[in-house]
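S.K.: Need coordinates for the below:
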Amino acid sequence: MRPGTKRFLPILIVLALSLGACGTKVQYGDPTAVETLTVDFGSTDLQMIAEKMVQSLLSAPVIQEQDRPVLQVATVKNKTSEHIDTKSITDKIRTTLLNSNKVQFTAAELRQEVLDELEYQRQSGYVDPATRKPVGKQVGTDYLLAGEIAAIKKSRGGTKDAYYKITLNLVDLETGLIAWADEKEIRKRED
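M.R.: A predicted model of the protein is given here:
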């Protein structure tokens, strides 16, 4: 211990104990309740984006006119200065679309795990040949769902303004054409 530190040790101990004694109340909240603590991207924004994009895509002719097309989700590019978990956005969209039973998704995010499991079944000798899954039977993707999120933030005095825009495109992998596109805009203001 450095010289002079012993003088402050009792003060530090009392401070640490008093901070620990300050209890905070933790409660569960409604995950669908509107969250407006700041103008930063939040859970309500994620839910509004997912709802808008799912409804738009499900009503698009590309989905309406086909029998459960196979989609793959690409990473949504974050073009903002914030840390936005874009995977949470695509997870919410994919889950809602899957639950509609109008589309199917490939397990692209788990591709390596799937390949590892198939290799294990074929090579380990531990899997009964009657239950071993054959290779070459996976279903190809029809469409790739990709997009980006951008933001513009401004402030003057005590007022802050945030504008977010997410754009999604559904690309036909056979033709390379965009079969569907939509965007959701959000504006938030803090005074």
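S.K.: Give me the neighbour count for K165.
M.R.: By other CB atoms under 10 Å, 17 other residues sit near K165. (C-beta placed from N, C-alpha, C; glycine too.)
S.K.: can you pull the contacts of it?
M.R.: Applying CB atoms under 8 Å, 6 or more residues apart in numbering, we find K165 in contact with I149, A150, A151, E183, K184, E185, I186.
S.K.: what's the helix or strand for the first one?
M.R.: What it means is I149. strand 143-156 (DSSP states H and E).
S.K.: now do the fifth one
M.R.: Using DSSP H and E, K184 sits in strand 178-190.
S.K.: Dump that strand to PDB, restricted to CA.
M.R.: In PDB, the C-alpha atoms belonging to strand 178-190 read as follows (Å, rounded to 0.1, in the frame of the first residue of the first chain):
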ATOM      1  CA  ILE A 178     -35.300  -7.000 -56.600                       C
ATOM      2  CA  ALA A 179     -38.700  -8.700 -56.200                       C
ATOM      3  CA  TRP A 180     -39.900  -6.500 -53.200                       C
ATOM      4  CA  ALA A 181     -38.600  -3.500 -51.400                       C
ATOM      5  CA  ASP A 182     -39.900  -1.300 -48.600                       C
ATOM      6  CA  GLU A 183     -38.700   1.100 -46.000                       C
ATOM      7  CA  LYS A 184     -39.800   2.300 -42.600                       C
ATOM      8  CA  GLU A 185     -39.000   5.800 -41.300                       C
ATOM      9  CA  ILE A 186     -39.000   6.800 -37.600                       C
ATOM     10  CA  ARG A 187     -38.500  10.300 -36.200                       C
ATOM     11  CA  LYS A 188     -38.000  11.000 -32.500                       C
ATOM     12  CA  ARG A 189     -37.600  14.400 -30.700                       C
ATOM     13  CA  GLU A 190     -36.400  15.100 -27.200                       C
END
